[in-house]
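# okay, predicted coordinates and the sequence, questions at the end:
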Amino acid sequence: MRNQRIVITGGAGFIGSHLTSTLLEMGNDVVVVDILLRGNKIPKEVQSKIEFHQVDVRDSEAMAKICKGAHLIFHFAAILGVDIVADNPIETMETEVNGMQSVAHAASVNGISKLMYASTSGVYGHLAMEQSISEEILVDPRTSYAMAKRYNEIYLASLFEEKGIHSVALRFFNIYGLRQDNRMVIPRFIEQALAGDPLTVYGTGEQTRDFTYVDDAIKATIDLARGAKGFEIYNIANEREATILDLAKTIIDVTSSNSEIKLINAPSKRYDYEVGRRFGSSEKLIKKTGYKPTTDLNNGLRTILIQN
């Protein structure tokens, strides 16, 4: 994938900024659309080499103009963070749904036939407690964020049937890496450990997650974009399960911190986010692309510390 004009909504965010850098390195003309709600995470040496628009993705007219001449759209713009989403459920859904319709309109009027969408493993909800999750399992979205993501997946399926726009919904499992802000558990734990403060763990800490390093997620995303046909859904997961308690202990170890671990009760508004167990199956992705994650949790954490 090179010499293409590629639009990335949310391209200044955590995952989006990594995608921006990678696609630029591959020799593409990268266009980033981002409202900069959480600042600009694109490295300074990259910012001068891209086309940037500080535009709300819901602005359909602006998006149609920006996407003119593009070959592909990565729609990664979203409201993120458990507390922000829990406090603003209507705005979260409105941003997701209207943003998707705006992007789809831009693709349609400009003859863009391929769209990649950042969905979430959160669509599996509490069903994820029993087993490794494949894409075939029935979904059970419990939050406004997950509900909107699932709605957009269904919308994309109809978009192919009605307008022939090929798309892939990427169900990311706990992506982490450099430039992630401390609304998320790993950078929060690292910040606490480096400061010598207690690492605050909600509940017992026995809940599990499938932490996937951002470089692995970006490679999988680009590989899927190359072969996108029709509408498909793929998990992007590391396929390795870790408890939050073990994560805290590992971070204390890699930072050589003297911090303690403090168990606290989760706020009630976080109930639907505190799933007891969630780890994904990437079998479908492996069959499609040969995907193999190269960075385990320990090495990923060490890489973050070195690059910081």
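The structure has been received and is ready for your questions.
# centre of the chain to stretch 223-242, how far?
12 Å (Cα atoms, centre = their mean, to the nearest Å).
# mean confidence score for that stretch?
Stretch 223-242 shows an average pLDDT of 95 in the prediction.
# now residue 116. Nearest residue, chain neighbours left out?
residue 74 (4.6 Å; Cβ to Cβ, 6 or more residues apart in numbering). Every C-beta, even on glycine, is put in place using the N, C-alpha and C of the backbone.
# just say helix, strand or coil for the one you found.
Three-state call for residue 74 (DSSP: H, G, I helix; E, B strand; the rest coil): strand.
# so what's it up against?
Contacts for residue 74 (Cβ atoms under 8 Å, 6 or more residues apart in numbering) come out as 6-9, 11, 16, 19, 115-116, 118, 221, 225.
# okay, and residue 46 sits in which element?
Using DSSP states H and E, the element containing residue 46 is helix 44-47.
# now find how far off-centre stretch 141-149 is within its chain.
Averaging C-alpha positions (Cα atoms, centre = their mean) puts stretch 141-149 14 Å from its chain's average.
# how about it: buried residues?
For stretch 141-149, burial by neighbour count (16 or more other Cβ atoms under 10 Å) applies to 141-149.
# following the chain onward from the helix or strand containing residue 158, which element is next?
In this assignment (DSSP H and E), residue 158 forms part of helix 144-163. The helix or strand immediately downstream of helix 144-163 is strand 166-172, counting by DSSP H and E.
# touching that next one from outside, list them.
Contacts of strand 166-172 (Cβ under 8 Å, 6+ apart): 15, 113-121, 123-124, 135, 152-153, 156, 159-160, 212, 217, 220-221, 224-225, 228-236, 280.
# which of the contacts of residue 74 count as buried?
6-9, 11, 16, 19, 115-116, 118, 221, 225.
# give the contact list for the residue sitting furthest away from the middle of the chain.
Most distant from the centre of the chain: residue 258, at 31.6 Å, with distances by Cα atoms, centre = their mean. Taking Cβ under 8 Å, 6+ apart, we find residue 258 in contact with residue 196.
# gap between residue 124 and residue 140?
Separation of residue 124 from residue 140 (Cβ to Cβ, to the nearest Å): 6 Å.
# neighbour count: those two, which is higher?
Higher neighbour count among residue 124 and residue 140: residue 124, with 26 against 15, using other Cβ atoms under 10 Å.
# how about the secondary structure of that one?
Under three-state DSSP, residue 124 falls in the helix class.
# could you pull out the helices for the stretch 51-200 of the chain?
60-66, 82-87, 89-109, 144-163, 185-195 (DSSP state H, counting those that start in this stretch).
# okay, those in a markdown table with mean pLDDT and distance to residue 36 next?
Listed next are these as a markdown table, based on pLDDT from 0 to 100; distance: least, Cβ to Cβ, whole Å:
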| stretch | mean pLDDT | distance to residue 36 |
| --- | --- | --- |
| helix 60-66 | 98 | 15 |
| helix 82-87 | 74 | 15 |
| helix 89-109 | 93 | 14 |
| helix 144-163 | 95 | 20 |
| helix 185-195 | 97 | 19 |
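# dump those helices into CSV; add distance to residue 47 as well.
Shown next, in CSV, are the helices of the stretch 51-200 of the chain (distance: least, Cβ to Cβ, whole Å):
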stretch, distance to residue 47
helix 60-66, 17
helix 82-87, 25
helix 89-109, 23
helix 144-163, 28
helix 185-195, 22
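# which stretch among those comes nearest residue 275?
With Cβ to Cβ, the closest approach to residue 275 among those belongs to helix 144-163: 10.6 Å.
# so how far is the least confident helix or strand in the chain by mean pLDDT off the chain centroid?
Of all helical and strand segments in the chain, the minimum by mean pLDDT, DSSP states H and E falls on helix 82-87, at a mean of 74. With Cα atoms, centre = their mean as the basis, helix 82-87 stands 16 Å off its chain's centre.
# cool, thanks, talk later.
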